[in-house]
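[1] Dropping the sequence and predicted coords here.
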Amino acid sequence: MSRKFVEEFKVVKNIALNSSNFLIKLLSKKALPQIAPGQFVNVEVENSKEIFLRRPFSVFEVDYTQNTMSLIVKILGRGSKKLTEIEEGDTINIVYPLGKSFSYPEKEDKVLLIGGGSGVAPMLFLAKETGLVKENVDIILGARSKEEHIDVSDYAKYGNLHYTTEDGSLGEKGFVTHHSIFEQINNYSKIYACGPDAMMKAVAKIAQTEGIFCEVSLENLMACGFGVCLCCIEPTQKGNLCICTEGPVFNIKELKW
Amino acid sequence: MVDLNVKIHDLDLKNPVMTASGTSGFAEELTDFYDVGQLGGLLLKGTTLKNRDGNAYPRMAETASGMLNAVGLQNKGVDYFIENIYPRIKDYNTPLIVNVNGSTVEEYIAVTEKVNELDKIPAIELNISCPNVKEGGMSFGISCPSAEAVTREVRRVYDKTLIVKLSPNVTDITEIAKAVEGQGADSVSLVNTFLGMSIDSEKRIPLLSTVTGGLSGPAIKPIALRMVWQVYNAVKIPVIGMGGIMNAADAIEFMLAGATAVQVGTAIFKNPFIPLQIIEGIKEYLERHKIQSASELTGCLQM
């Protein structure tokens, strides 16, 4: 159990990164609590008949000196669509920080971070926080096409960036698991992944076969985000667990994948 | 100073606002946000004799002004509760009420007997209205003979405050309320969720793994309010009202319709502070209307 808050944030930035991804930067009046990569927030998009429940989003960036927090919002349905229409200066109610974070690597680790779709956000947050030299951090980002990739060149200082696209318009062609890095997968001591289920399952299968430590961050439909509704469950070795409190980050050994 | 205290049989509540079972976990989850000692009471997550994994994912679907759930009473069983959870929560400064469930009358009795031994649990809520389990649950709450039978048998083994939680999925809820009152229930709480369903028209699939589930939220409030008013006029025992309460005005409406206390449920998913905001709102209402005590609100609907 850890302290959680319900707070109003002011929207200080809302920009389109491409046709379906938006960067929303939020300012708190209060000092932010510690937020770690993999943790998420539950956002009250609007108090309307159609969008009754909150929507969960991974945290992308945190700036404790400015008291700001950023989210990457990918349009998936009516809630995320509405959220991307929010205007700078608006206030928004947020429940946070929620869930368990990725475990940080050890000094001697060589890590591979894999992000697909909106799963890019926690991966880049983690890249920034690994505490490893750049040489020991590889980051593969996957999307359908070049247009669906967001510009993350700022993150090149934290790790070596690699791209895949399904149409070959940027980086290597195919899914993230088709990337040539996987030919030397045993160079890595830890793999972290966040993205569509099929992508994470493919990564998990390789990690399992090779016996490499692997953590994934899951996303399920949820109502509360803090462990009382029991809706966002994932079947695990310990039975059905709420991903909002026992996850969203899981070691693949805990899952029934 | 207004008096917020209300009484449900032997149970003294410092204010009329409780949190509904299945929406406030085992209390600890809410303590991440605030001191639960501020609540009038807290209904713990539905508890069964043995571990239950609940239903498969997806268990939730957002609907217009509400949601469907099909959790299916996931819990680790009453023994786990007694050994692992109860010791950690028993000293919270609010009445903790166990929501008792079973597939058979014997299971209801077994859970009740174990909970009866717990000093810091002053009441149970007998859940004969869960719509999301294949056996037991709601099937006990939709006919008078089965509601009577389970209430009678549980009453025999339980001497503290016995609340029976009623299903709205019946032709006449007052008949069930009278039936359980006749078998010694000290209070009735209503309503549990309405059986509903939701479909993805594009994919042509149901949105819940169980196809049907329980509807809650503001969408059900007018029906819940009507049922509370009907039951209040049909029984002598105190009524606990719930169903889509989102703010103090909603809670006051339920009290005017006849509820002695209310439970806040789905609203907690939107904001866990809503029960505390409702307590403040009731206090402000009483002051503004120069009413001395929250208990005076019960059933004082002007006709």
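    Arrived safely. On a predicted model such as this, the values are computed, not experimentally measured, just so you know.

[2] Tell me who's in contact with whatever residue of the stretch 1-150 of chain A ends up closest to chain B.
    Nearest residue of the stretch 1-150 of chain A to chain B: A:Lys4, at 4.4 Å (CB to the nearest CB). Where you see a C-beta, it was placed from the backbone N, CA and C, and this is true even at glycine. Applying CB atoms under 8 Å, 6 or more residues apart in numbering or on different chains to A:Lys4 gives the contacts A:95-98, A:226, B:32-33.

[3] What separation is there between B:Thr171 and chain A?
    According to CB to the nearest CB, to the nearest Å, B:Thr171 and chain A sit 29 Å apart.

[4] buried subset of the contacts of A:Lys4?
    Neighbour counting by 16 or more other CB atoms under 10 Å in any protein chain shown classes A:95-98, A:226, B:32-33 among the contacts of A:Lys4 as buried.

[5] Can you classify the residue in the stretch 201-303 of chain B that chain A sits nearest to by secondary structure?
    Closest contact between the stretch 201-303 of chain B and chain A, by CB to the nearest CB, is at B:Phe269 (4.2 Å). Classification of B:Phe269 by DSSP: H, G, I helix; E, B strand; the rest coil places it in helix.

[6] quick one, what contacts it?
    Residues counted as contacts of B:Phe269 (CB under 8 Å, 6+ apart) are A:53-54, A:223-224, A:228-229, B:23, B:67.

[7] Among the buried ones among the contacts of A:Lys4, which pair sits farthest apart?
    In terms of CB to CB, the buried ones among the contacts of A:Lys4 reach their longest pairwise distance at A:Pro97 and B:Phe33, which sit 12.3 Å apart.

[8] Quick check: neighbours shared by the two?
    With contacts defined as CB under 8 Å, 6+ apart, the residues shared by A:Pro97 and B:Phe33 are A:4-5.

[9] Can you mark which positions in the longest helix seen in chain A are buried?
    Ranked by residue count under DSSP state H, the longest helix found in chain A is helix A:197-210. Residues of helix A:197-210 classed as buried by neighbour count (16+ other CB under 10 Å): A:199-200, A:202-204, A:207.

[10] among the buried ones among the contacts of A:Lys4, which are in strands?
    Members of those lying in strands (criterion: DSSP state E): A:95-98.

[11] just the residues you listed that are near chain B?
    A:Val95 (CB under 8 Å from any CB of the partner chain).

[12] Just send the ones in strands among the buried ones among the contacts of A:Lys4 back as a markdown table, with pLDDT too.
    What follows is these, written out as a markdown table (pLDDT from 0 to 100):
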| residue | pLDDT |
| --- | --- |
| A:Val95 | 98 |
| A:Tyr96 | 98 |
| A:Pro97 | 98 |
| A:Leu98 | 98 |
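
[13] how about JSON lines for the ones in strands among the buried ones among the contacts of A:Lys4, with distance to B:Met255 added?
    What follows is those, written out as JSON lines (distance: CB to CB, whole Å):
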{"residue": "A:Val95", "distance to B:Met255": "28"}
{"residue": "A:Tyr96", "distance to B:Met255": "33"}
{"residue": "A:Pro97", "distance to B:Met255": "36"}
{"residue": "A:Leu98", "distance to B:Met255": "33"}
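
[14] which of the ones in strands among the buried ones among the contacts of A:Lys4 lies closest to B:Gln302?
    A:Val95 (38.8 Å).

[15] So which residues on the stretch 101-250 of chain A come close to chain B?
    The stretch 101-250 of chain A has residues A:220-224, A:226-235, A:239-240, A:245 near chain B, with proximity defined as CB under 8 Å from any CB.

[16] Show me which of these are buried.
    A:220-224, A:226-234, A:240, A:245.

[17] The residue of the stretch 201-303 of chain B closest to chain A and B:Gly66, how far apart?
    Relative to B:Gly66, B:Phe269 is positioned 11 Å away (CB to CB, to the nearest Å).

[18] now swap in B:Ala234 and tell me
    When CB to CB is the yardstick, B:Ala234 and B:Gly66 sit 27 Å from each other.

[19] quick one, helices of chain B?
    With DSSP H applied, chain B shows helices at B:28-31, B:78-80, B:86-89, B:105-116, B:144-157, B:173-182, B:221-232, B:248-256, B:267-270, B:274-288, listed in chain order.

[20] Repeat that for the stretch 51-200 of chain A.
    With DSSP state H, counting those that start in this stretch as the criterion, the stretch 51-200 of chain A has helices at A:78-83, A:120-129, A:197-210.

[21] Would you mind naming what in the stretch 151-300 of chain B lies close to chain A?
    Contact residues, the stretch 151-300 of chain B versus chain A (CB under 8 Å from any CB): B:217, B:266, B:268-273.

[22] now the residues you listed as TSV including distance to B:Leu126?
    Putting those into TSV (distance: CB to CB, whole Å) gives the following:
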residue	distance to B:Leu126
B:Gly217	24
B:Thr266	21
B:Ile268	22
B:Phe269	24
B:Lys270	28
B:Asn271	29
B:Pro272	26
B:Phe273	29
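
[23] quick one: which of those residues is most hemmed in?
    The most crowded member of those, judged by other CB atoms under 10 Å in any protein chain shown, is B:Thr266 (30 neighbours).

[24] Provide a list of residues in contact with that one.
    Each residue near B:Thr266 by CB under 8 Å, 6+ apart is listed here: A:223, B:23, B:66-67, B:216-217, B:244.
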